[in-house]
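Student: Pasting the sequence and the predicted coordinates here, then a few questions.
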Amino acid sequence: MSLEVHKKLAAEAAMEYIQAGEIIGVGTGSTVNYFIELLADLKNRIDGAVSSSAESTKRMQAHGIKVYDLNEVNGIPVYVDGADELTSNLHLIKGGGGALTREKIVAAASEKFVCIADDSKIVNRLGKFPLPIETIPMARSMVARKLVKYGGQPMLREGFITDNGCTILDIQGLDIVDPLKMEREINQIPGVVTVGIFAERGADVLLAGGENGVTQINLSGPEMLTI
């Protein structure tokens with residue numbers, strides 16, 4: 001099976017978490033795009049969605065799915081989103097698509113965070129994927145200098161502005177031994193909007209598509225699913 005098939009399998013598995021009459025949190029990325037296609041078939045059963053990016057909002061609206069501003073809803077039962085890198089203890093790196101701040105906000109507002117990905121994203125330790133950090137534009141050079149102490153190389157994501165009007169620094173070559181500690185420290189640097197480590201609020205469950213189907217991972221361990 002191809003990588004795209006693995007992504008589709010993970011997206012299909014996430015549909016089991018969707019209940020009629022709910023407002024669903026929807027993330028951003030290639031795997032989530034498959035989920036949005038499936039969600040369109042349920043648009044008359046769900047009340048709508050809260051989106052983490054302008055791109056996902058456009059996709060859902062094109063399918064006739066009502067998209068709410070987060071301020072219009074009173075909590076989100078389930079948030080479905082992907083990841084660029086993840087560990088078996090459900091810590092993530094997100095932000096390859098540049099929506100990390102809004103993704104972190106929607107995740108924080110959700111009761112359950114369901115992460116969908118192909119199993120190639122699973123690693124023993126975070127850091128091989130460049131760590132995205134959204135920064136206030138005027139602070140990006142200062143922030144980059146402070147980030148050098150973590151052992152990686154901060155690089156400006158050229159020609160990219162987030163939905164919040166900010167810039168992204170990608171730190172290459174990290175070996176993240178303590179994701180929670182690093183997340184908290186980097187978020188305290190003035191000028192940082194947020195860092196793409198999701199450890200403080202990691203996923204509650206991972207659905208990983210692979211050659212043998214979908215593996216569901218939660219903190220109690222992995223389990224093969226039949227899709």
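Tutor: Sure thing, it's come through.

Student: How many neighbouring residues does the residue nearest to G21 when sequence neighbours are not counted have?
Tutor: On the basis of Cβ to Cβ, 6 or more residues apart in numbering, the spatially nearest residue to G21 that is not a chain neighbour turns out to be D47, at 5.9 Å. Yep, even glycine has a C-beta here, placed from its N, CA and C like the rest. Burial of D47 is recorded as 13 neighbouring residues (other Cβ atoms under 10 Å).

Student: pretty sure D47 is touching K66, no?
Tutor: Yes: counting by Cβ atoms under 8 Å, D47 does reach K66; the two are 7.4 Å apart.

Student: Give me the longest helix you can find in this structure.
Tutor: Here the longest helix in the chain is taken by residue count, with DSSP state H as the criterion, and it is helix 3-14.

Student: Could you tell me how far that one lies from the centre of the chain?
Tutor: The gap between where helix 3-14 is centred and where its chain is centred comes out at 15 Å by Cα atoms, centre = their mean, to the nearest Å.

Student: contact partners of that helix?
Tutor: With Cβ atoms under 8 Å, 6 or more residues apart in numbering as the contact definition, helix 3-14 has outside contacts at 1, 30-32, 34-35, 37-38, 80, 114, 116-120, 207-211, 213-214, 216, 225, 227.

Student: go on, stretch 96-110?
Tutor: In contact with stretch 96-110 (Cβ under 8 Å, 6+ apart) are residues 25, 27-29, 50-53, 55-56, 70, 75-79, 81, 84, 94-95, 113, 129, 132, 134, 157, 160, 162-164, 166, 168, 193-196, 198, 201.

Student: Just the buried subset of those residues, please.
Tutor: Among the contacts of stretch 96-110, those buried by neighbour count (16 or more other Cβ atoms under 10 Å) are 25, 27-29, 50-53, 55-56, 70, 76, 78-79, 81, 84, 94-95, 113, 129, 132, 134, 157, 162-163, 166, 168, 193-196, 198, 201.
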